[in-house]
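Visitor: got a predicted structure plus its sequence, pasted below:
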Amino acid sequence: MFDTAFSSNDLMFLLKGAWLTIQLTVVAVAIGTVLGVVFGWARESLPGWVNVPIGAVLDVLRSVPLLIQLVLVNSGKSILGLSWSPFVVGAVVLGLYTAAYCTEIVRGGILAVPATTRRAARSLGMTYWQDLTSIVAPIALRVSLPGWIGLTLGVMKDTALVMWIGIAELLRSSQIVITRIQEPLLVLAIAGLIYFVISFPVSRLGAFLERRWADDSLKADQ
Amino acid sequence: MIEIENVHKSYGSLEVIKGVTMQVEKGEVVSIIGGSGSGKSTLLQCINGLEPIQKGHIRVDGIDVHAKGTDLNKLRRKIGIVFQQWNAFPHLTVLENVTLAPRKVLGLSAREANEIAEKHLVHVGLGDKLKVMPSRLSGGQQQRMAIARALAMSPDYMLFDEVTSALDPQLVGEVLDTMRMLSAEGMTMIVVTHEIRFAREVSNRVAFFHKGLIHEIGSPEEVIGAPKKPETIDFLKSVL
C-alpha cells in the first residue's frame, strides 16, 4: 500500500503558499500591465528625450536577474527608510520586471498596426485618441495577447524567487514540508500540480479569446 | 471649391511637389495622371492635411488647410479619401467599419449610424455583407467598403488615391463602376489614377503631373486626346 506522512494539514500549508503565489502574480501582472501599456505607448509615440531614459531603465530591469533585483531592493529599502513588507517588495519588483517585458509586447502590438490603417482612421476625422482607442488598441490587443499570456505564466513561476526575501509562497512552502516529511517527489509533484491548476485557467483564457476573435473573422459563414 | 496655390512639398531634401496650382470647382471631377513619383498621390494627402506642405496654400471652401489653428479633424469630415491600400479596420465587421466614424466623430446614435451605413453599403453593392469581417471580402469589395466608409461622413469632396492599383484586374471594373455612379450623382472628385480610359470618360478636366509639376491641364480631349507636351505624349504612349 502507498504510505505517506503527507497530511491534510500539509496540503493546507501548500494551498496557503499557493494563495500567496496567486496574490503576488495578480498584483505584479496588474502593475506590470498598466505600466507596460503606458510605457509601450510612450516608446512608440513620445520623442526621444522622454524615451531614451525610459528605455534605459527598462533595459536594466530586463537584464539584471530577478533574484538580484529582489535582494537589492529588499536590502535597499531600509537604507531608503521605506518600511515595506517583503510582500510589497516582491510585488513591486515583480511588477516592474513584468512592466519591462510587457512594454515590449505592447510596443510590438502597436507596431503591428499598419500606419496606413491609422491614416485611414484620421482621414475620417477621428482624433489621435479616437484612433488610439478604437483602432490601435483593439488590433494591438489581438496581436499582443499570446505574448501577454506567456508573460503572465512566466511571472507566476518567477514568484518562487521571492522566497529569498522570506515569503513562504508555494515553492518555499513545499520545501518546508519536504524538510519535515522527507518525501520530495510526492510533495514536489503536488506543488507542480497546484502550479498547473493555477496556470490552466490563464492559458485557457488566452485560447478562448483567440478562438473568439478568429470566429469574428468567420462571421460570413453564419 | 478646392484651391491649390503654388504648393511645394518635400520629404527631407527630396522635393516631390515643386509649385502646383490648380482649382477644383464644386461638382467637378478632376483626374490626375502621371508616372510614379510625379507627386500626384502626395498632393491628395496634402489636401486633407494628412501631409504638411512647405510652401503655398491649399484652401477648401476658403479654409486654409495648413494654417495654424485649422481644425483638421473637422475639415476632414467634408473631405473623404480612399487609398490604394483599402485599409479596412480588420477587427470590425463591414457595417462597423462604416459606422465607426459617424458614431465617434459625428456623435450619431448606433441606430442613426447603422441606417446611414446600410444605405451607403447597399449603394456600393455590399448590402449582403454587413455582418461579414473585411478579411472575408475580395479586394474589390474591401475597396467599395472603403468608399462607403468615406461616404458615410457625407463629405462634400471625395479624393481617390490610385484606388484600383492594388486590385486584381478582374476586380477593377466594380470599383470604377462605383466611382462612375458617384460622379453621375454630382460628387466633387479628385481622382489620381492610372486608368486613362476611365479618366477620359468621367473627368471634366485631366491634369498631367510630371516630376512634381503640372505639365498639362484641360479637358480630357485636350490632355488625353491631343496632348501637346512631349512628356505627356511619352507617358500616354507608355500606358495606353
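Guide: Thanks, I have it.
Visitor: for chain A, what are the low-confidence residue spans?
Guide: Residues of chain A meeting the criterion pLDDT under 70: A:1, A:215-222.
Visitor: and for chain B?
Guide: Of all residues in chain B, none has pLDDT under 70.
Visitor: how about the residues of it near chain A?
Guide: By C-beta under 8 Å from any C-beta of the partner chain, the part of chain B that sits against chain A consists of B:48, B:50, B:73-74, B:76-77, B:79-81, B:83, B:85, B:87-91, B:93, B:100-101, B:104-105, B:129, B:131-133, B:135-136, B:146, B:149-150, B:153. In this view, the C-beta of every residue, glycine as well, is placed from N, C-alpha and C.
Visitor: hey, where'd the strands end up in chain B?
Guide: For chain B, the strands defined by DSSP state E occupy B:2-11, B:14-24, B:29-34, B:55-60, B:63-64, B:79-82, B:157-161, B:188-192, B:205-210, B:213-218.
Visitor: quick check: longest helix of chain A.
Guide: The single longest helix within chain A, with elements called by DSSP state H, is helix A:8-45.
Visitor: what residues of the helix or strand that that one is followed by count as buried?
Guide: Secondary structure here is assigned by DSSP states H and E; on that basis, the next helix or strand after helix A:8-45 toward the C-terminus is helix A:48-63. Buried positions in helix A:48-63, judged by neighbour count with 16 or more other C-beta atoms under 10 Å in any protein chain shown: A:58, A:61.
Visitor: tell me what helix A:48-63 is packed against?
Guide: helix A:8-45, helix A:86-111 (3 or more C-beta pairs under 8 Å, 6 or more residues apart in numbering or on different chains; DSSP states H and E).
Visitor: may I have it exported as PDB, CA atoms only?
Guide: Written as PDB, here are the backbone C-alpha positions of helix A:48-63 (Å, rounded to 0.1, in the frame of the first residue of the first chain):
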ATOM      1  CA  GLY A  48      13.500  60.600 -27.900                       C
ATOM      2  CA  TRP A  49      14.300  62.600 -24.800                       C
ATOM      3  CA  VAL A  50      11.400  61.000 -22.900                       C
ATOM      4  CA  ASN A  51      12.100  57.700 -24.400                       C
ATOM      5  CA  VAL A  52      15.800  57.200 -24.000                       C
ATOM      6  CA  PRO A  53      15.700  57.200 -20.200                       C
ATOM      7  CA  ILE A  54      12.600  55.000 -20.100                       C
ATOM      8  CA  GLY A  55      14.200  52.600 -22.400                       C
ATOM      9  CA  ALA A  56      17.400  52.500 -20.400                       C
ATOM     10  CA  VAL A  57      15.600  51.800 -17.100                       C
ATOM     11  CA  LEU A  58      13.500  49.000 -18.800                       C
ATOM     12  CA  ASP A  59      16.700  47.500 -20.200                       C
ATOM     13  CA  VAL A  60      18.200  47.300 -16.800                       C
ATOM     14  CA  LEU A  61      15.100  45.700 -15.400                       C
ATOM     15  CA  ARG A  62      15.200  43.100 -18.100                       C
ATOM     16  CA  SER A  63      18.900  42.400 -17.900                       C
END
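Visitor: and it with helix A:86-111, angle?
Guide: Between the axes of helix A:48-63 and helix A:86-111, defined by axes from the mean of the first three to the mean of the last three C-alpha atoms, to 10 degrees, the angle is 120 degrees.
Visitor: longest helix of chain B?
Guide: The residue-count maximum for a helix in chain B (DSSP H) belongs to helix B:169-184.
Visitor: give me the helices and strands touching that helix, please.
Guide: Counting by 3+ C-beta pairs under 8 Å, 6+ apart, the packing neighbours recorded for helix B:169-184 are helix B:139-151, strand B:188-192, helix B:196-202.
Visitor: now with 10 Å, please.
Guide: Using 3 or more C-beta pairs under 10 Å, 6 or more residues apart in numbering or on different chains; DSSP states H and E as the contact criterion, the elements in contact with helix B:169-184 are strand B:29-34, strand B:79-82, helix B:110-123, helix B:139-151, strand B:157-161, strand B:188-192, helix B:196-202.
Visitor: cheers, nothing more for now.
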